[in-house]
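Enquirer: Kindly generate the corresponding structure for this input.
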Amino acid sequence: MNHIFIAKNENDLFDISKKIIDGSDSNLFLLYGDMGVGKTTLVKYLCSVLDVVDVVASPTFSIVNQYKRFNDKYVFHFDFYRTKNKNEIFDIGYEEYLFSSSYCFVEWPEKAEGLLPNRFVKIEMKLEDDFRKIRVKNINQKS
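Expert: Next comes the predicted model:
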């Protein structure tokens, strides 16, 4: 998938999220964008598409949240914004999550540069005049 979506309001995010999940060839989603652009809100909708039964909230202070799906599988949601160095990312055991078969959503992935798998879905969000532009691209970097 290499696509640009336009969200004019929050109601557009469920359909966009469904298209993102259906068109992805990875279970790892890296979300890029300025503070307040709506990354966590998009993750809430992506989790809704995946039938998450838990409340989805920002993991800004906990670094990672675990959400249960209807089928007893889990989704993991990371926010590396407050991490001061890569050791904090190592300390949470990030590899067990990101290299698993579970869906993982990572906000502020630039803080974990060099630690992430080579295959992922890159989601870039930008606030334009009165809408959000969401660029989605499947990435498969060869080692």
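Enquirer: got the contact list for F61?
Expert: In this structure, F61 makes contact with R82, judged by Cβ atoms under 8 Å, 6 or more residues apart in numbering. The way it works is simple: take the backbone N, C-alpha and C, and place the C-beta from them, glycine included.
Enquirer: Now do the SS call for the residue nearest the centre of the chain.
Expert: The centre of the chain sits closest to F105, judged by Cα atoms, centre = their mean, with a distance of 2.7 Å. Following DSSP: H, G, I helix; E, B strand; the rest coil, F105 is assigned to strand.
Enquirer: wait, is M125 part of a strand?
Expert: Yes - counting by three-state DSSP, M125 is found in a strand.
Enquirer: who does it bridge with?
Expert: Listed by DSSP bridges, the beta-bridge partners for M125 are I134.
Enquirer: per-residue confidence for it?
Expert: Turning to M125, the model gives it a pLDDT of 95.
Enquirer: contacting residues around it?
Expert: For M125, the contacting residues are 31-33, 37-39, 42, 132-135, taking Cβ under 8 Å, 6+ apart as the criterion.
Enquirer: distance of the closest residue to I6 other than its chain neighbours from K8?
Expert: Excluding the flanking residues, the one nearest I6 by Cβ to Cβ, 6 or more residues apart in numbering is F131, at 5.3 Å. Here the criterion is Cβ to Cβ, to the nearest Å. By it, F131 lies 5 Å from K8.
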